[in-house]
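Novice: here is my input; please provide its structure:
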Amino acid sequence: MILLHVAASVLYAAAAWALWPGSGAAPPLRRVLPPAALAVHAIAVFTGIATPAGLDLSLTHALSLVAGLTVLVAWGGGALASLPGVGAVVLPVAAVAALLPALFASTHRLSYAESPWATMHIAVALFAYAFFVVAAAQALVMTGLESRLHRGLAEGSAAPPLLTLERALFRLIGVGFVLLTLALASGVLFSEQLFGRAFQFTHKNVFAVASWLVFGALVVGRWRYGWRGRKALRWILAGTVLLILAYLGTKFVVEVVLGR
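Specialist: Numbering: from 1, shown residues only. So this is what the prediction gives:
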């Protein structure tokens, strides 16, 4: 399993190099490396998480899984090919995250993983994370590209027009918002089934709801007032940070700081 994580990390790093403008990598290599890295990483993640004793979703496995899903969304949605800067953000992070389970062995088996509501909640929530992280990366790259255009430094750029990228960005946000809504709804049902209460005032839940409100405000602001550019970027980053704090931040405190 360690070798699989190392191989996935190396392939992600190679993909980051191949997709970097000016790398000189052959087009077939640029097309093959991202899915090859994803395939190896998927095997490594599944082997580590699906144990005979149940699902093991420790912090390192969760980081590795979220990173893999983020690359999957970026690659499947075409962001890696159309905006090389997105690959420069997500692929190096994935290269590091893929190594974490091999470097820092830890276990955190989910006692409630047999519940179908819990399984659906976890899967939908993780995909919501992935969509919003890709959206944040794309928004950062677009802001840099827009700044270069204003300074006349992006002439001859192979990137698509900003309006096309903006529409793609808000499609990512729209899908992510729907998934986050479903994750919160399934979480309510799961909580009621397991704990007898539809909502518990935990740090995780408070941050998740705050993130949902931020992204909801962004969706309304875009539809009603045409928000874009740096204003949209601030809302995207705020919502993404809150979402990361909701799950990964909470897991870090519980597993690393408190040692539970």
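Novice: surely I173 meets F132?
Specialist: Yes. Contact criterion Cβ atoms under 8 Å: I173 and F132 qualify, at 7.4 Å. Just so you know, the C-beta spots here come from the backbone N, C-alpha and C atoms, and that holds for glycine as well.
Novice: any shared contact partners between the two?
Specialist: Common neighbours of I173 and F132, using Cβ atoms under 8 Å, 6 or more residues apart in numbering, are 215, 236.
Novice: these two: who's more crowded?
Specialist: Between I173 and F132, counting by other Cβ atoms under 10 Å, F132 is the more crowded of the two (28 against 25).
Novice: tell me where the stretch 51-200 of the chain has helices.
Specialist: Counting by DSSP state H, counting those that start in this stretch, the stretch 51-200 of the chain has these helices, from start to end: 59-76, 79-82, 84-103, 116-150, 162-195.
Novice: check contacts around the closest residue to Y129 other than its chain neighbours.
Specialist: Take Y129 and drop its neighbours on the chain: the residue closest to it by Cβ to Cβ, 6 or more residues apart in numbering is V66, 5.3 Å away. Counting by Cβ under 8 Å, 6+ apart, V66 touches 97, 126, 129-130, 133, 248.
Novice: need phi/psi at F104.
Specialist: Main-chain torsions, F104, degrees, to the nearest 10: phi -130, psi 90.
Novice: hmm, it is touching S64, no?
Specialist: No. The criterion here is Cβ under 8 Å, and F104 misses it with S64 at 10.6 Å.
Novice: from I244, how far off is the residue most central in space within the chain?
Specialist: Compute the mean C-alpha point of the chain, and by Cα atoms, centre = their mean the closest residue is A130, 2.5 Å away. Separation of A130 from I244 (Cβ to Cβ, to the nearest Å): 12 Å.
Novice: list the buried residues of stretch 234-245.
Specialist: Residues 235-240, 242-245 are the ones in stretch 234-245 that count as buried (16 or more other Cβ atoms under 10 Å).
Novice: name the residues that touch it?
Specialist: 128-129, 132-133, 135-136, 139-140, 173, 180, 203, 207-208, 210-211, 214-215, 217-218, 221, 227.
Novice: any quick PyMOL command for the buried ones out of those?
Specialist: If you want just the buried ones from those in PyMOL, going by 16+ other Cβ under 10 Å, the selection is:
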select buried, resi 128+129+132+133+135+136+139+140+173+180+207+208+210+211+214+215+218+227
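Novice: and the chain, what are its domains?
Specialist: Recorded structural domains for the chain (assignment: automatic domain parsing) are 1-110, 114-260.
Novice: would you format these as CSV with mean pLDDT included?
Specialist: Converted to CSV, those look like this (pLDDT from 0 to 100):
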stretch, mean pLDDT
domain 1-110, 87
domain 114-260, 82
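Novice: what's the most buried one of these?
Specialist: domain 1-110 (a mean of 19; mean count of other Cβ atoms under 10 Å).
Novice: pretty sure L99 sits against H5.
Specialist: Yes. Look at L99 against H5 with Cβ under 8 Å: they come within range, at 5.7 Å.
Novice: looking at the helices of the stretch 51-200 of the chain, which is nearest to L19?
Specialist: Smallest distance to L19 across the helices of the stretch 51-200 of the chain (Cβ to Cβ): 4.1 Å, for helix 84-103.
Novice: and that closest one, what does it pack onto?
Specialist: Helices and strands touching helix 84-103, as assessed by 3 or more Cβ pairs under 8 Å, 6 or more residues apart in numbering; DSSP states H and E, comprise helix 2-19, helix 27-49, helix 59-76, helix 79-82, helix 116-150.
Novice: turn the ones you listed into TSV, columns for distance to K231.
Specialist: Formatted as TSV, these follow (distance: least, Cβ to Cβ, whole Å):
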stretch	distance to K231
helix 2-19	29
helix 27-49	31
helix 59-76	24
helix 79-82	21
helix 116-150	11
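Novice: out of these, which is closest to L184?
Specialist: Here helix 116-150 is closest among these (Cβ to Cβ), at 8.5 Å.
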